[in-house]
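[1] Predicted coordinates and the sequence they were generated for:
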Amino acid sequence: MRPRHPRRRVTLTATAAALLALSAAQTLAAAPTAGAAPAAPARTAHHTSATAAAVTGAQDRAARAIARSLGDGAWRARLRTAALKSGDVAVTALAARANPGLASPLAAADRAIAGAKGLDSKVGPLLRLRLGDRSMRGALTAGTAPWVAAAASDDATRTVTAYDSHGRAHTLDAREAPARPVYVVDIDSSKALSAGLDVLRGELVKKGVRSSAPATVNSAAAGRAAAASGGFWTTKIDAVELSDDEEPWVKGDAEIYTLVTGFGQDGAVRVDPVDMPWLDNDGTVYRPNQILVNWSNYKYDLADAVMMEDDGSTNYHDLAVAIAGALLTITDQGTYIPLVDAVLNAIPTSWWTDDPDYVDSWYTLAQGSNGTLHGARNNGWMTVEPYWVSQF
């Protein structure tokens, strides 16, 4: 089970951030104004709000259906056992085996969520059920009847609606976990993000933006990819830490991914997504040994990285369309042009409310970058080093 974490943020030194910001500003000053990104169209922003509403609505319908199903004592006991044992229950699959009447509405909710997020139906069930807080385990074990709530998608949430087995709604404080056990209906964010980054890459390519398959490989696995080329230089992440920030108990895990951007060997812009499923907890230094940039893909010795956090309601098709629309207006002028601002400006205004969240950005990563780098937003740090991936 992956432990639940608060929203991840990073504490950094102001001096380092200021130096990076100055470097970015100097590079931007040298770039032609033609590289500026256009404003995101209002239509996309509206559609993104509709996506979030569709995902939230599907989760809420699933929560109601599960709550009503708890009137069945045998099913209630089976779900309790699963929740206490694994902590994260694939509830659609469990219902298909043990409660066929519940399986149908859950399958419908899964389809609605996949459709809203722009994912192929082949992604399979996305709904997960977990106990809202570890403090509830004692009451659940003792047999207290649980309520069911949908996971919150907004940090600003102050109240949570939970349902009992009679379908009645109860308002709970989102900042203080109740004594009564509450099951939270959430999305398998790792599975959704992995499928979503595949969609993102595919849509970017369709729109004319070069993109490699979403990267999750470590440096050892990358060696196999070098066999055909004799090897290549990369930037490898040795360490990264994300700090804590208060978040509602009902809010589920988020997922971190990074969009590496730059100019490809053909001089056209490219975006390479990097999945970071190992970033689980706040206040922990992770040492992933993960490749961030494959320099054989890039024309210049510089690239940018935009780190994002997906809390569940992203439509990856729309994200790709927005990013492609901005980046395709930027042409190679014979010198490196930072692309971070273009990516951020492409993201519709409504997405900044919570989903996806902008974590931080790193301007002008170089092939020789070595040591601890602090993000321009003063929210993140990572330690990197050059790494040669040779063929076997």
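    Looks like it came in fine.
[2] how about the helices of the stretch 1-150 of the chain, start to end?
    Taking DSSP state H, counting those that start in this stretch, the helices of the stretch 1-150 of the chain run over residues 14-30, 42-69, 73-86, 91-98, 100-116, 137-141.
[3] what about those, which gets the closest to residue 294?
    Residue 294 lies closest to helix 14-30 among these, at 21.6 Å (CB to CB). Where you see a C-beta, it was placed from the backbone N, CA and C, and this is true even at glycine.
[4] picking that back up, for the helices of the stretch 1-150 of the chain, which one sits closest to residue 264?
    helix 14-30 (18.8 Å).
[5] What average pLDDT does that closest one get?
    Throughout helix 14-30, pLDDT has a mean value of 34.
[6] ok, residue 329 - how many residues close by?
    Using other CB atoms under 10 Å, residue 329 is surrounded by 14 other residues.
[7] Pull the distance from stretch 80-92 to the chain's centre.
    23 Å (CA atoms, centre = their mean, to the nearest Å).
[8] mean confidence score for that stretch?
    Computed over stretch 80-92, the average pLDDT equals 94.
[9] Also stretch 257-276?
    Mean predicted confidence for stretch 257-276 is 94.
[10] Now that stretch: buried residues?
    For stretch 257-276, a neighbour-count test (16 or more other CB atoms under 10 Å) marks 257-264, 268-276 as buried.
[11] The helices of the stretch 1-150 of the chain: which one's closest to residue 163?
    Closest approach to residue 163 among the helices of the stretch 1-150 of the chain (CB to CB): helix 42-69, 3.7 Å.
[12] Against which helices or strands is the closest one packed?
    Judged by 3 or more CB pairs under 8 Å, 6 or more residues apart in numbering; DSSP states H and E, helix 42-69 is in contact with helix 91-98, helix 100-116, strand 127-131, strand 147-150, strand 159-163, strand 182-187, helix 316-327.
[13] Of those, which shows the lowest average pLDDT?
    With a mean of 90, helix 316-327 has the lowest mean pLDDT of these.
[14] how much does it deviate in direction from helix 42-69?
    Here helix 316-327 runs at an angle of 160 degrees relative to helix 42-69 (axes from the mean of the first three to the mean of the last three CA atoms, to 10 degrees).
[15] Using CSV, list the CA coordinates for helix 316-327.
    What follows is helix 316-327, C-alpha atoms only, in CSV (Å, rounded to 0.1, in the frame of the first residue of the first chain):
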residue,chain,number,x,y,z
TYR,A,316,-4.8,14.6,-20.9
HIS,A,317,-6.1,15.1,-24.4
ASP,A,318,-7.0,18.7,-23.6
LEU,A,319,-3.7,19.3,-21.9
ALA,A,320,-1.8,18.1,-25.0
VAL,A,321,-3.9,20.3,-27.2
ALA,A,322,-3.2,23.4,-25.1
ILE,A,323,0.5,22.7,-24.8
ALA,A,324,0.9,22.0,-28.5
GLY,A,325,-1.1,25.1,-29.5
ALA,A,326,1.4,27.2,-27.5
LEU,A,327,4.7,25.5,-28.4
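[16] Enumerate every residue touching the closest residue to residue 80 other than its chain neighbours.
    Nearest non-adjacent residue to residue 80, counting by CB to CB, 6 or more residues apart in numbering: residue 140, 6.0 Å away. Counting by CB atoms under 8 Å, 6 or more residues apart in numbering, residue 140 makes contact with 80, 83-84, 131, 146, 181.
[17] Filter those residues down to the buried ones.
    In the contacts of residue 140, burial by neighbour count holds for 80, 83, 131, 146, 181, counting by 16+ other CB under 10 Å.
[18] what are the phi and psi angles of residue 385?
    phi -150, psi 150 (degrees, to the nearest 10).
[19] That one contacts residue 234, correct?
    No. With contacts counted by CB atoms under 8 Å, residue 385 stays clear of residue 234, the gap being 9.6 Å.
[20] So those two - more neighbours on which side?
    Comparing residue 385 with residue 234 by neighbour count (other CB under 10 Å), the higher total belongs to residue 234, at 24 against 13.
[21] which stretches of this protein have low pLDDT?
    1-49, 154-156, 214-229, 243-247, 253-254, 281-282, 311, 313, 348-356, 392 (pLDDT under 70).
[22] tell me the centre residue of it?
    Central residue of the chain (CA atoms, centre = their mean): residue 310, 2.8 Å from the mean position.
[23] now, which of the buried ones among the contacts of residue 140 sits nearest residue 372?
    Looking across those and measuring by CB to CB, the closest to residue 372 is residue 131, at 37.2 Å.
[24] Who are the contact partners of the residue nearest to the closest one when sequence neighbours are not counted?
    Using CB to CB, 6+ apart and skipping residues adjacent in sequence, the residue nearest residue 131 is residue 83, 5.3 Å away. Shown here is residue 83, whose contacts under the criterion CB under 8 Å, 6+ apart are 89, 129-131, 140, 183.
[25] now do residue 106
    For residue 106, the contact set (CB under 8 Å, 6+ apart) comprises 62, 65-66, 91-92, 95, 125, 127.
[26] Check residue 208 too.
    Contacts of residue 208 (CB under 8 Å, 6+ apart): 268, 324, 328.
[27] repeat that for 7 Å
    324, 328 (CB atoms under 7 Å, 6 or more residues apart in numbering).
[28] what's the spacing between it and residue 99?
    Distance, residue 208 to residue 99, using CB to CB, to the nearest Å: 48 Å.
[29] Just put the helices and strands packed on helix 42-69 in a markdown table and tack on distance to residue 213.
    Shown next, in a markdown table, are the helices and strands packed on helix 42-69 (distance: least, CB to CB, whole Å):
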| stretch | distance to residue 213 |
| --- | --- |
| helix 91-98 | 28 |
| helix 100-116 | 21 |
| strand 127-131 | 26 |
| strand 147-150 | 33 |
| strand 159-163 | 38 |
| strand 182-187 | 23 |
| helix 316-327 | 14 |
